[in-house]
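Student: Give me a 3D structure for the following:
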Amino acid sequence: MSKTGTGPANRKPVVDRSPLRLASLLCCGSILAGMPTLALAQAVPASPPASPPASQPTPAAAPAAPARSTIRSISVVGAERLEASTILSYIRLRVGQEYTSVAADEALKDLGATELFSNFSIRNDNGNVVISVTENPVINRVVLEGNKRLKNDKILPEIKLSPRQIFTRSKVRADVARIIELYKRQGRFAAQVEPKMVQLPQNRVDVVFEINEGPKSKVRQINILGNEKFSDGELRGEMVTKQARITSFFSSNTSYDPDRLAFDQQKLRQFYLMQGYADFRVVSAVAELTPDQRDFIITYVVEEGQRYTFGEVKVDSQLRDFDSDAMSANLPMKDGDFYNAKSVEDTVEQLTELAGRFGYAFADVQPRFKRDPDNLKMNVTFVLREAPRVYVERVDINGNTLTQDKVIRREFRIAEGDAFNSLAVQRTNARVNSLAYFQENFEVKQVEGSAPDRIILEANVEERPTGELQFSAGFSSIEQFILAGSIRQRNFRGRGQTIGLSLNYSQFSRSAQVSFSDPYIFDRNISGGIDIYRRDFNSFNFLGNDRNTTFKQATTGFSARAGVPLTEYMSLVGSYTLNYEDVTLDRSLFFSDVDGNGITECDPLRAGRFLCDAIGTRLSSIVGLSLNYNSLNSRIRPSRGKTISLSGEFAGLGGDVRYARFRGRAQQFWNVGNSGFIFSVLAEGGTIIPLQERPGQGVDDVLLTDRFFLGEPQFRGFAIRGVGPRILTQTSQLDNLGRPLLDDKGNILFFTERRQVRDDSIGGRNYYLGRAELEIPLGSGARELGLRPSIWADIGALWGVEQPILTVNPAGTPLRNENGQALYQIPGTATTTTDPTQPDGSANVRLIQQGSNIRELFLGNTPSPRITAGIGVNWNSPFGPFRIDFAQTIRRVEGDDERRFTFNVGTQF
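Tutor: This next block holds a predicted model:
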């Protein structure tokens, strides 16, 4: 007599298939043959099972009456990997027991429950019990086919099957369901997964999951029923889920997600509670597949209820340091205001923070509501429960392996033994996050201490790499092609020091710099740093669209600085800079034998007097002092806070130049509500005062290289150095004989179009610049792409330079005799006369000097404001940061060089 069980792999097809060619399973059957095909859209039953699964073994044939005999021996046959003793440990049959059909059935169930065997049976031969088994194969590898939207590294960690495991059908079922669930989260509800198996020698198999991902299921329509106070559009705007439309191309929230559906119900309730509808509820939320099984239609049924106003609002304080009546008078909501649940939440947070500032770390603020449905009033009492004043027992630093403890502890604004202060803890969080040495959104954890009035502050940090090796290349409308490389360590030796080396190259500038800074010199609250650099800059002008180098400035020097904090947000920084500058002009272009003595020198006709005055070498010794205030919540992308800087520099502590330069800059950021809009304003200005006189008429006492310049990129809507004092050099129009053309009044005609005029910006002594910008939030899809659009307006001016002496070439002026009378030529003869007409009334030809006439115009030297406005987009593209601006000039001054469109892009590799 024998009993037999059948495992799940008993019905698999055996296929001789190369391990390298798993894309085609033409002759393979399904692992789950005899099971329904698992899919999200619907379950399609396959052929009926040939035998029951292994987890439910049944005897091959049951005797009419149970046979009874004493078990004399138990043996195992067919085992390959498992020991006989291991298999016997799974069943409850033992030598000396009575063998019955019931006991045999129980043994078969125990073997099936292990999921280790594809076939197993029990035979009793006069007390000699023989257990025959066929082991399940070992998985050689797991292969995914057809998955394009979800890569292997996203699926394989989520499934149970893996190489060298025992193959079981239950794990296959679970893995199919898990893969389908992963696709559901991606919004692909039509995804199907077909598992198949390839038989290999030595009882091994390859498991192949054939995946049909199907289209992404979108939300075609969102219907809302029962709303009367607010339109469907207003309510849809509050939801995270959006309807699939052409305009929602960048949004990732148009796909259906059950979790997002539940979240949207909370968003609707939050919206109505903020509007005063305290009884609002979502009656039902149903998502239905469209008939084509591709998209979803979501229907909400809501019940708005009545709108409430605040009734009596007060504070009941059980803390001795807080007066209930005084706090009640300062609450933001008043009797008669429309009820707003968000205002209640914000008040709870403010009261909790206020208690924390006074040392009550575990203060409990509870709002108690008393609803008056007859009068539609909501009475609220904020209860501040009694709590002990808490002191810091100790500060623990955990998780730092490279960074020294002192680097973290010196950022704490609260010390051991101090009374607890929540504001100090928040400031500590901000300062530690600003280091950028550890995980994002670091927060100090508050743990109860050894006594009710003691608290332990824990800084559990996770260090991240602080070394940076960067190579970049890019193109900009200012610098043309750009190459840059840098290496920097922001946490050198774990001491919080920064050391770096950078190299930059473009068509018009080259630089190399070595820098070192320490925020706490000798562990004292004094910051310091030093920079050593070489900078080569080629200034340029525009002749039409052509960019021409004018002068070259090579600067070699160093700068040292030291700063001390005055308050938590304010610091004072002193600096010293020593520069050696060499300004040169191209001798072949701008030098000539002006005096005819064989000695070449700067030719004002070619270069302009302002450039001739700038050439030479000089040593600048500059002492600076700046007062800085910074309360920004982020150094990278601030949304709240302000920064103010006032600085002064004095050049003249030795060296060749003497001047005093002063600058001021202030910027403020506001997070507009909770909508994601960020509004910012900026104001800055500067002036430079010469402390020496330079000889010569029309020569400014401030060197060209020391003046301010204004334009792109700081002043959008204008070209680089496109605002402020400039000299436009115009040339005359010539006829076929090379003579200047004259108008009807005898005046010389000059080229006046911008592209035909040489434009030289000469800078100014004074400038101001203002900016207002509103950053507009986009959907999460656009945020994932790194798109941040904004609208902006700029205002500014640059002025204050000395009126230069302008160059005018006398070529083209009338020829005159010794008496100063204009000379004319009688047509057809070589005779000259002073009479402009002949006896018959015909005109004689006016004689002028030949050669191209040059006229210089001095423009833009005025504080009159220039105003521009436009839109811009920042994009963290795959190629690197990208900025594009479209500008419209609202107000300009003659001579300003406008630029409607600008962009900058770079990349890292």
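Student: So residue 351: helix, strand or coil?
Tutor: Of the three states, residue 351 takes helix according to DSSP: H, G, I helix; E, B strand; the rest coil.
Student: which residues touch the closest residue in space to it that isn't next to it in sequence?
Tutor: Sequence neighbours aside, residue 365 is the residue nearest to residue 351 in space, at 4.7 Å (criterion: CB to CB, 6 or more residues apart in numbering). C-betas here are computed from N, CA, C, even on glycine. Contact analysis of residue 365 by CB atoms under 8 Å, 6 or more residues apart in numbering lists 348, 351-352, 355, 382-385.
Student: What is the nearest of those to residue 667?
Tutor: Among those, residue 352 lies closest to residue 667 (CB to CB), at 30.8 Å.
Student: And the helices in the chain?
Tutor: All helices of the chain, identified by DSSP state H, fall at 84-88, 101-114, 152-155, 169-185, 232-238, 258-274, 324-329, 341-357, 405-409, 422-435, 587-590, 604-607, 609-612, 780-785.
Student: just checking, what packs against the second one?
Tutor: Judged by 3 or more CB pairs under 8 Å, 6 or more residues apart in numbering; DSSP states H and E, the packing partners of helix 101-114 are strand 2-6, strand 117-125, strand 128-135.
Student: Which single strand of this structure contains the most residues?
Tutor: strand 546-565 (DSSP state E).
Student: so how far is that one off the chain centroid?
Tutor: Averaging C-alpha positions (CA atoms, centre = their mean, to the nearest Å) puts strand 546-565 30 Å from its chain's average.
Student: Kindly report the same for stretch 875-895.
Tutor: Averaging C-alpha positions (CA atoms, centre = their mean) puts stretch 875-895 19 Å from its chain's average.
Student: List the buried residues in that stretch.
Tutor: Buried residues in stretch 875-895, counted by 16 or more other CB atoms under 10 Å: 875, 880-885, 887, 889, 892-893, 895.
Student: okay if I get those as CSV plus pLDDT and distance to residue 287?
Tutor: CSV is the format used below for the buried residues of stretch 875-895 (pLDDT from 0 to 100; distance: CB to CB, whole Å):
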residue, pLDDT, distance to residue 287
875, 77, 34
880, 53, 41
881, 61, 40
882, 71, 38
883, 78, 41
884, 85, 39
885, 88, 43
887, 92, 46
889, 94, 52
892, 93, 56
893, 93, 61
895, 88, 64
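Student: and which of those is nearest residue 210?
Tutor: residue 875 (38.6 Å).
Student: before we move on, back to that, turn the contacts of residue 365 into a markdown table, including pLDDT.
Tutor: Below are the contacts of residue 365 laid out as a markdown table (pLDDT from 0 to 100):
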| residue | pLDDT |
| --- | --- |
| 348 | 89 |
| 351 | 88 |
| 352 | 84 |
| 355 | 83 |
| 382 | 92 |
| 383 | 90 |
| 384 | 87 |
| 385 | 83 |
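Student: ok, residue 273 touching residue 280?
Tutor: Yes: using CB atoms under 8 Å, residue 273 is in contact with residue 280, at 6.7 Å.
Student: lowest-confidence helix or strand of this protein?
Tutor: In the chain, no helix or strand scores lower on mean pLDDT, DSSP states H and E than strand 2-6, which sits at a mean of 51.
Student: Tell me who's in contact with residue 858.
Tutor: By CB under 8 Å, 6+ apart, the residues touching residue 858 are 725-727, 803-804, 806.
Student: Filter these down to the buried ones and express that as a PyMOL selection.
Tutor: Buried residues within the contacts of residue 858, by 16+ other CB under 10 Å, are selected in PyMOL with:
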select buried, resi 725+726+727+804+806
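Student: Okay, the closest residue to residue 355 other than its chain neighbours and residue 428: tell me how far apart.
Tutor: Leaving aside its sequence neighbours, residue 355 sits nearest to residue 363 (CB to CB, 6+ apart; 3.5 Å). Between residue 363 and residue 428 the computed distance is 19 Å (CB to CB, to the nearest Å).
Student: Which of those two has more residues huddled nearby?
Tutor: Neighbour count, other CB atoms under 10 Å: between residue 363 and residue 428, residue 363 has more, with 25 against 22.
Student: shouldn't that one be in contact with residue 384?
Tutor: Yes: using CB under 8 Å, residue 363 is in contact with residue 384, at 6.4 Å.
Student: Overlap in contacts, the two.
Tutor: 319, 351, 355.
Student: Reformat those residues as CSV; add neighbour count.
Tutor: Listed next are those as CSV, based on neighbours: other CB atoms under 10 Å:
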residue, neighbour count
319, 17
351, 21
355, 24
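Student: Next, format those as a markdown table and append distance to residue 592.
Tutor: Formatted as a markdown table, the shared contacts of residue 363 and residue 384 follow (distance: CB to CB, whole Å):
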| residue | distance to residue 592 |
| --- | --- |
| 319 | 87 |
| 351 | 80 |
| 355 | 81 |
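Student: ok, of these, which one's closest to residue 823?
Tutor: Distances from residue 823 to these, taken by CB to CB, are shortest for residue 351, at 96.0 Å.
Student: isn't that closest one right next to residue 319, touching?
Tutor: No: Residue 351 is beyond contact range of residue 319, at 10.1 Å (criterion: CB under 8 Å).
Student: what touches both of these two?
Tutor: Shared contacts of residue 351 and residue 319 (CB under 8 Å, 6+ apart): 363, 384.
Student: need the strands for the stretch 651-800 of the chain, in chain order.
Tutor: 659-672, 677-690, 726-731, 758-761, 766-775, 787-799 (DSSP state E, counting those that start in this stretch).
Student: Out of those, which gets nearest to residue 198?
Tutor: Among the strands of the stretch 651-800 of the chain, if distance is taken as CB to CB, the winner is strand 787-799, at 46.2 Å.
Student: and the closest one with strand 677-690, angle?
Tutor: 20 degrees (axes from the mean of the first three to the mean of the last three CA atoms, to 10 degrees).
Student: which residues touch residue 690?
Tutor: Counting by CB under 8 Å, 6+ apart, residue 690 has contacts 658-659, 700-702, 765.
Student: Just name the lowest-scoring one in those, pLDDT-wise.
Tutor: Across the contacts of residue 690, the smallest pLDDT goes to residue 700, namely 85.
Student: neighbours of that one, just the number please.
Tutor: Neighbour tally, residue 700, other CB under 10 Å: 23.
Student: Test my guess that it contacts residue 802.
Tutor: Yes: the pair residue 700 / residue 802 is scored as a contact, 3.8 Å apart, by CB under 8 Å.
Student: Ignoring the adjacent residues along the chain, who's closest to residue 313?
Tutor: residue 380 is the one closest to residue 313 (CB to CB, 6+ apart), at 5.0 Å.
Student: quick one on the thing from earlier: most tightly surrounded among the helices of the chain?
Tutor: Across the helices of the chain, averaging neighbours per residue (mean count of other CB atoms under 10 Å) puts helix 609-612 on top, at a mean of 22.
Student: hmm, who's touching that helix?
Tutor: 550-551, 585, 590, 602-604, 698-699, 704, 727, 760, 762, 804-805, 807.
Student: With stretch 459-467 instead?
Tutor: 395-403, 408, 412, 432, 436-439, 442, 444-445, 487-491.
Student: let's see 6 Å
Tutor: Contact with stretch 459-467 is made by 397-400, 402, 408, 437-439, 444, 489-491, as judged by CB atoms under 6 Å, 6 or more residues apart in numbering.
Student: No more questions from me, cheers.
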